[in-house]
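> return atomic coordinates for the entry below.
(3 chains)
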Amino acid sequence: MKAFVAALTSLSLLGTAHAAPLEDMTMEDLQKVSPALARYLQTTLAEDLWKRPGFSPRDRSIVTVAAVIARNQGAEMARQFALALDNGVTPGELSEIITHLAFYSGWGNAMSAVLVAQELFAAKGVDAKTLPAASPELLPLDEAAEARRAARVEQDFGETAPGVVQYTGEVLFRELWQRPGLAPRDRSLVTVSALVASGQVAQIPYHLNRAMDNGLTRVQASEALTQLAFYAGWPNVFSALPVAKSVFESRAH
Amino acid sequence: MKAFVAALTSLSLLGTAHAAPLEDMTMEDLQKVSPALARYLQTTLAEDLWKRPGFSPRDRSIVTVAAVIARNQGAEMARQFALALDNGVTPGELSEIITHLAFYSGWGNAMSAVLVAQELFAAKGVDAKTLPAASPELLPLDEAAEARRAARVEQDFGETAPGVVQYTGEVLFRELWQRPGLAPRDRSLVTVSALVASGQVAQIPYHLNRAMDNGLTRVQASEALTQLAFYAGWPNVFSALPVAKSVFESRAH
Amino acid sequence: MKAFVAALTSLSLLGTAHAAPLEDMTMEDLQKVSPALARYLQTTLAEDLWKRPGFSPRDRSIVTVAAVIARNQGAEMARQFALALDNGVTPGELSEIITHLAFYSGWGNAMSAVLVAQELFAAKGVDAKTLPAASPELLPLDEAAEARRAARVEQDFGETAPGVVQYTGEVLFRELWQRPGLAPRDRSLVTVSALVASGQVAQIPYHLNRAMDNGLTRVQASEALTQLAFYAGWPNVFSALPVAKSVFESRAH
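Residues are numbered from 1 along each chain as shown, chains lettered A, B, ... in the order given. Okay, here's the model as predicted:
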């Protein structure tokens, strides 16, 4: 438990000296500003939230890593990336999460994450040869489903922004989503978490449905929202709840 | 006035050398990139906005501190935290604002704020023993009102996300909001300011009504929006205006 | 091409040593975390997106600079500011973009951008005397159009937030927008890009119409959205598409 709390506060797991803004923070530092937050970290986060049943520590790390990349939070990235490896996310999966969020959270967010991950990978001795290749053999595509998706987007926005529509098909749905380095269910969980964490409510229905098609259960989706309440803030989750409720209900029939 | 302008630009009040990204900035630095912004800082901000009647410098600091924490702006946090202490926000209140926003703006935002506040508190010789305790005696709760709130949220989202609903009651409304280190009116002002500053329009009606129930006047709410136009940007405030208008009108009858 | 890729990854163009968080990043660094992102940077961004017809590299830089300021991304700001100068944005125009976004993205975002631009201007030997003056002679104002805008906002929000309404007229529309250091079409492009990049969908219709009144063509607006898909993330652009479509259609009749 003590090691777990340390992972949530400090960067000592990395075993390296960090330059700002990835400053180290200990429970003592937290006590000097907010004794209450030190207590919440110990009891509400480490001993309660992260141990709730129905959603593994690995799943919680995937959600939290996606949230801090989507919100571009350097110091918290360093803590959460290290914790994610401890919780069973592989370096290859972390690499793939960053690659995925370059498109769903923006290029600059991914570049910040690359800097943090590079330092972590160096400290952990991760060999770049073990990471997902630049152009791997892709997972098989459901051509009929992709044709339906592409036709709908073309009809909606083909005249408005042909460039966006083209890249959406070629780069995102025919390539990025089919990369084998991250299971489709996990890739969907990353996407939904990033949407909730950055207040992108309008895009949640499509991706939450896709996530559940990819195997995310209703309990897991519910626990992802619980995790995000703490790491993306209550308002983002309360704005997502009506949408999630509507998706859950539409699938119950 | 000169000292006030310095507080808005530099970190010299802290009397410490700062590592990046909390770099010092002087009016001369600003002149080297935008002579116009140097003028706006001097005339529109320091000599006008911050001196408008109907909303004290302390209130303006509470709004601005909430905005920069909600937007996770490290360098601006350092300037605004120091200015807030000058404007009469106590270290204990600043501690409590950070604690509150860990839940309303997300854990990572609070951790960035802790790093900045820790440095400021060290420079000012703030003793951690004078900060709000981890588990203080709580303000008395209006059990009937809380029961109504809890029942409504349980009915709306109890099936969708039981974990969120549980923590909302136990941690937020039965504990965080009842902590005595920040007056309920100020706590509400922090919450509304953070919502506007991060574009959380859907959550504004509930919290603006609660703020006015807690004693925030219509003039004060209006001036908070004026302050936020500058520190959270015009678009966030223009998106909040129709909602604020509707809340004001609904309470006038 | 190699130089262009270097501009997108590294800060070597600045010829200076950078303190964190403006750390240098090379293609090799990127390879160590995500070989896929290194490939996308080379092929999809540098050799494809930035070379699409219908929207010049200068226009793409204006859009991207606005996006990274709106999203407050320090390291990406440093790369994109340097690239913008290479692509024909003048230091005076960059100064004016930062000044403009102090109001449309918030004061703290502009202060971060000032720190980055100051270092770039020093490295490039930019003389502050060549930057737009603090109080230049303003472009002529269409008094009738401004009177209509002011009357509409006064009617909508004059009672709700008189301070916001007052500054909107005096500081923004009677002054900031009439500053001659940035062409109105470019100023509008900056504004629309910042709105899309920070998810401010509700404010897009007014400013996209204004942008097209100021000379931005439909193809250019469409390409701006394509550029933003990569630099602000797909969800922000997909949330903006229905609004852009509606504006385009309303102007076709």
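> low-confidence stretches in chain A?
Along chain A, segments meeting pLDDT under 70 span A:1-24.
> residue closest to the middle of it?
A:Ala66 (1.9 Å; CA atoms, centre = their mean).
> wait, does the helix or strand containing that residue contact chain B?
In this structure, A:Ala66 sits in helix A:57-70 according to DSSP states H and E. Yes: residues of helix A:57-70 contacting chain B under CB under 8 Å from any CB of the partner chain: A:67-68. C-betas here are computed from N, CA, C, even on glycine.
> what's the distance between the residue nearest to the centre of chain A and A:Asn209?
Separation of A:Ala66 from A:Asn209 (CB to CB, to the nearest Å): 18 Å.
> likewise for A:Gly233?
Taken as CB to CB, the span from A:Gly233 to A:Asn209 is 24 Å.
> who's more crowded, those two?
More crowded of A:Gly233 and A:Asn209, by other CB atoms under 10 Å in any protein chain shown: A:Gly233, with 30 against 15.
> only alpha carbons, please: show stretch A:203-212 as CSV.
Provided in CSV are the C-alpha atoms of stretch A:203-212 (Å, rounded to 0.1, in the frame of the first residue of the first chain):
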residue,chain,number,x,y,z
GLN,A,203,-18.5,12.5,-29.7
ILE,A,204,-19.2,10.1,-26.8
PRO,A,205,-22.3,8.2,-28.1
TYR,A,206,-20.5,6.9,-31.3
HIS,A,207,-17.4,5.8,-29.4
LEU,A,208,-19.2,4.4,-26.3
ASN,A,209,-21.3,2.3,-28.6
ARG,A,210,-18.2,1.2,-30.5
ALA,A,211,-16.5,0.4,-27.1
MET,A,212,-19.3,-1.8,-26.1
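> touching it from outside, list them.
A:185, A:188-189, A:191-192, A:195-196, A:218, A:221, A:240, A:243-244, A:246-247, A:251, C:235, C:238-239 (CB atoms under 8 Å, 6 or more residues apart in numbering or on different chains).
> cool, and stretch A:57-65?
By CB under 8 Å, 6+ apart, stretch A:57-65 touches A:49-51, A:77, A:80-81, A:83-84, A:87-89, A:94, A:97, A:186, A:189-190, A:193, A:220, A:223-224, A:227-228, A:231.
> one more pass at 7 Å, please.
Contact with stretch A:57-65 is made by A:50, A:80-81, A:83-84, A:87-89, A:97, A:186, A:189-190, A:193, A:220, A:224, A:227-228, A:231, as judged by CB atoms under 7 Å, 6 or more residues apart in numbering or on different chains.
> how far does it sit from the chain's center?
With CA atoms, centre = their mean, to the nearest Å as the basis, stretch A:57-65 stands 7 Å off its chain's centre.
> near chain B at all, stretch A:97-112?
No: judged by CB under 7 Å from any CB of the partner chain, stretch A:97-112 makes no contact with chain B; its nearest approach is 12.2 Å.
> can you give me the first-to-last residue distance of that stretch?
For stretch A:97-112, the first-to-last residue distance is 13 Å (CA to CA, to the nearest Å).
> which positions within that stretch qualify as buried?
Buried positions in stretch A:97-112, judged by neighbour count with 16 or more other CB atoms under 10 Å in any protein chain shown: A:97-112.
> do the same with stretch A:153-172
For stretch A:153-172, the neighbour count (16+ other CB under 10 Å) marks A:153, A:157, A:160-161, A:163-165, A:167-169, A:171-172 as buried.
> do the same with stretch A:111-123
Going by neighbour count (16+ other CB under 10 Å), the buried part of stretch A:111-123 is A:111-121.
> can you lay out these as CSV showing distance to chain C and secondary structure?
Below are the buried residues of stretch A:111-123 laid out as CSV (distance: CB to the nearest CB, whole Å; DSSP: H, G, I helix; E, B strand; the rest coil):
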residue, distance to chain C, secondary structure
A:Met111, 6, helix
A:Ser112, 6, helix
A:Ala113, 8, helix
A:Val114, 5, helix
A:Leu115, 6, helix
A:Val116, 9, helix
A:Ala117, 5, helix
A:Gln118, 5, helix
A:Glu119, 10, helix
A:Leu120, 9, helix
A:Phe121, 6, helix
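> so which of those residues comes closest to A:Ser34?
A:Val116 (24.4 Å; CB to CB).
> backbone torsions only: list them for the closest residue in space to the closest one that isn't next to it in sequence.
Nearest residue to A:Val116 in three dimensions, chain neighbours excluded: A:Met77, at 4.5 Å (CB to CB, 6 or more residues apart in numbering or on different chains). With angles defined as degrees, to the nearest 10, A:Met77 sits at phi -60, psi -50.
> check the one 10 residues further on too.
Dihedral angles of A:Asn87 (phi, psi; degrees, to the nearest 10) stand at phi -90, psi 10.
> list the contacts of it.
Contacts of A:Asn87 (CB under 7 Å, 6+ apart): A:57-58, A:61.
> of all those, which comes closest to chain C?
A:Ser61 (17.3 Å; CB to the nearest CB).
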